[in-house]
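In: Sequence first, predicted model second:
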Amino acid sequence: MTKNMDVIELERQFASGVYPKREVAIVQGEGALVWDAEGREYIDCVAGHGVANLGHCHPAVAKAIAKQAQTLITCPEVFHNDRRGELLSQLTAHLPDGLTRIFLCNSGAEAVEGAIKFARLSTGRPGIVATMRGFHGRTLGALSATWKRKYREPFEPLVPGFSHVPFDNLERMAQAVGEDTAAVLVEIVQGEGGVRPGSPEYFQGLRELCDERGAHLIVDEVQTGFGRTGCWFAVEHAGIVPDLMCLGKAIAGGVPMGAVAIGPAVSELPTGVHGSTFGGNPLACSASIAALEAFEREGLTQRSAEMGAYTQERLRAIQSPLIREVRGLGLMIGVEFKTRVTPVLRDLMERGVLALPAGTTVLRLLPPLVISRDQIDTVVAAIAATLDQ
């Protein structure tokens, strides 16, 4: 039988070393559960950093991938393709009104890069205003919009023209957006920044501010999209439609994919101005079609809203002086402690629950939207037990 340490040692020999890894080797998954190399079961509240909204190995997605892999795997966008066309049609039907053009790529960071380029091209301006605590990816353009210094400093100088202002502070944003601003780039819920939702009034004010000053509004929905917050997209909570919306993570049921949704204020994009070798490939498109159909068929956005409310209620009922606040939207939940979160994460893994940090003191829960009530009860009980020892 393969042991966890066999897998771990093999990876250690050849991996780049850039990832801080936990001492476990995950080799199988189904629904909201994963298993390690020795057969131990875990409730997965990491879900691939919010990729596995449908759960692991969803049958419809697996079937679509297998069928497409035997038909046509790659087809660059210099040719038309049936799967790509079907996906574009279905995805557009779920987007906020007005977002009728889509650029397909391979990840959320690529989507952010594309949106930045499209905004600069459309407006003829260089400036991008992002927010403190925001996270948008690690490629150079996305990294320039990301706030945390530990991510940025090793790679400076970054792309010029980026600035940061406090999140959920319209007055400070109004001071920063000027005649050279191409776009404002925000998350509806700051994930890496501590699972912090902004107020609807803030985002509605941003929409008006961008309209008034000729800047585009870019919303990063890479983690919040596809039911995670209890709506198809988190902008629905704010009641706004952005000019550019960045998508990724859960878009294709676990297969790498990203997209930029484009609104009417963005000028027509000249042929050849941007591109992606693997973007819109038939394999990823088929997986995404199956994922979109499963989200709708299984009512997972409503389920996310209901199970998220239940989870937050249960977490708030934990009697512990170590908990400062429970917050979030849908099944994107943060538990802020008065102490460091790393020991909590380590203890939870020993108790069969996998979770994420969001900064040094926040526990982030991103379970698959198919997680059961019993599994949520188990997760909450494990958190309570961890804090009670």
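Out: That came through, no problem. Numbers count the residues shown, from 1 in each chain.
In: Any idea what residue 357 is bridged to?
Out: residue 363 (DSSP bridges).
In: Mind listing what's buried along the host helix or strand of residue 118?
Out: Per DSSP states H and E: residue 118 is located in helix 108-123. Buried residues in helix 108-123, defined by neighbour count with 16 or more other C-beta atoms under 10 Å: 108-123. Heads up, the C-betas are built off the backbone N, CA and C, glycines and all.
In: And stretch 211-231, by the same measure?
Out: The neighbour-count check on stretch 211-231 (16+ other C-beta under 10 Å) flags 215-231 as buried.
In: got it, and stretch 239-248?
Out: For stretch 239-248, a neighbour-count test (16+ other C-beta under 10 Å) marks 240-248 as buried.
In: Ok, stretch 265-274 next?
Out: 265-266, 269.
In: Can you give the distance of stretch 136-147 from its chain's centre?
Out: Here stretch 136-147 is found 14 Å from its chain centre; the criterion is C-alpha atoms, centre = their mean, to the nearest Å.
In: scratch that, stretch 367-387 is what I was asking about
Out: That offset, for stretch 367-387, works out to 21 Å (C-alpha atoms, centre = their mean).
In: let's have the chain start at 35 instead
Out: Yes, from this point I'll number from 35; that puts the last item at stretch 401-421.
In: List the contacts of the residue nearest in space to the middle of the chain.
Out: Residue closest to the average C-alpha location in the chain (C-alpha atoms, centre = their mean): residue 257, at 1.5 Å. Neighbour list for residue 257: 83-84, 142, 221, 223, 225, 283, 366, 400 [criterion: C-beta atoms under 8 Å, 6 or more residues apart in numbering].
In: just residue 317 next, same as before
Out: By C-beta under 8 Å, 6+ apart, the contact list for residue 317 reads 99, 102-103, 107-108, 289.
In: Make a ChimeraX selection of the buried ones in these.
Out: Buried subset of those, written as a ChimeraX selection, criterion 16+ other C-beta under 10 Å:
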select :99,102,289
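In: For the helix or strand harbouring residue 280, which strands pair with it and how are they oriented?
Out: According to DSSP H and E, residue 280 maps onto strand 278-281. Its sheet considered, strand 278-281 pairs with strand 250-254 (parallel), strand 292-296 (antiparallel) by DSSP bridges.
In: so the last one versus helix 142-157, what angle?
Out: I take that to be strand 292-296. With axes from the mean of the first three to the mean of the last three C-alpha atoms, to 10 degrees applied, the angle from strand 292-296 to helix 142-157 works out at 30 degrees.
In: Format the CA atom coordinates belonging to strand 292-296 as CSV.
Out: In CSV, the C-alpha atoms belonging to strand 292-296 read as follows (Å, rounded to 0.1, in the frame of the first residue of the first chain):
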residue,chain,number,x,y,z
GLY,A,292,-10.8,31.4,-16.8
ALA,A,293,-12.8,34.0,-18.6
VAL,A,294,-13.3,37.7,-18.9
ALA,A,295,-16.9,38.9,-19.4
ILE,A,296,-17.1,42.2,-21.3
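In: hmm, who's touching it?
Out: Strand 292-296 is contacted from outside by 125-126, 129, 133-145, 148-149, 152, 256, 277-282, 285, 303, 313, using C-beta under 8 Å, 6+ apart.
In: how much distance is there from the next helix or strand after that strand to the middle of the chain?
Out: Next helix or strand after strand 292-296 toward the C-terminus (DSSP H and E): helix 316-331. Its chain's C-alpha centre and that of helix 316-331 lie 17 Å apart, by C-alpha atoms, centre = their mean.
In: Next, the buried residues of stretch 157-176.
Out: 157, 159, 161-165, 167-171, 175-176.
In: Of the buried residues of helix 142-157, just say which sits nearest to residue 307.
Out: Distance to residue 307, by C-beta to C-beta, is smallest for residue 155 among those, at 6.5 Å.
In: any idea how far residue 277 is from the closest residue to residue 303 other than its chain neighbours?
Out: Nearest non-adjacent residue to residue 303, counting by C-beta to C-beta, 6 or more residues apart in numbering: residue 152, 6.5 Å away. Note on residue 152: its distance to residue 277, by C-beta to C-beta, to the nearest Å, is 9 Å.
In: anything in contact with each of the two?
Out: 296, 300.
In: so who does the nearest residue to residue 326 once chain neighbours are set aside touch?
Out: The shortest distance from residue 326 to any non-neighbouring residue, by C-beta to C-beta, 6+ apart, is to residue 124 (5.2 Å). Counting by C-beta under 8 Å, 6+ apart, residue 124 touches 323, 326-327.
In: Of those residues, keep whichever come out buried.
Out: 323, 326.
In: Of the contacts of residue 124, just say which sits nearest to residue 346.
Out: residue 326 (26.9 Å).
In: Show the contacting residues for that closest one.
Out: Residue 326 neighbours (C-beta under 8 Å, 6+ apart): 121, 124-125, 128.
In: go on, residue 423?
Out: Taking C-beta under 8 Å, 6+ apart, we find residue 423 in contact with residue 381.
In: go on, residue 252?
Out: Counted by C-beta under 8 Å, 6+ apart, residue 252 has contacts 146, 149-150, 153, 217-220, 276-280.
In: How is residue 197 assigned, secondary-structure-wise?
Out: What DSSP: H, G, I helix; E, B strand; the rest coil gives for residue 197 is strand.
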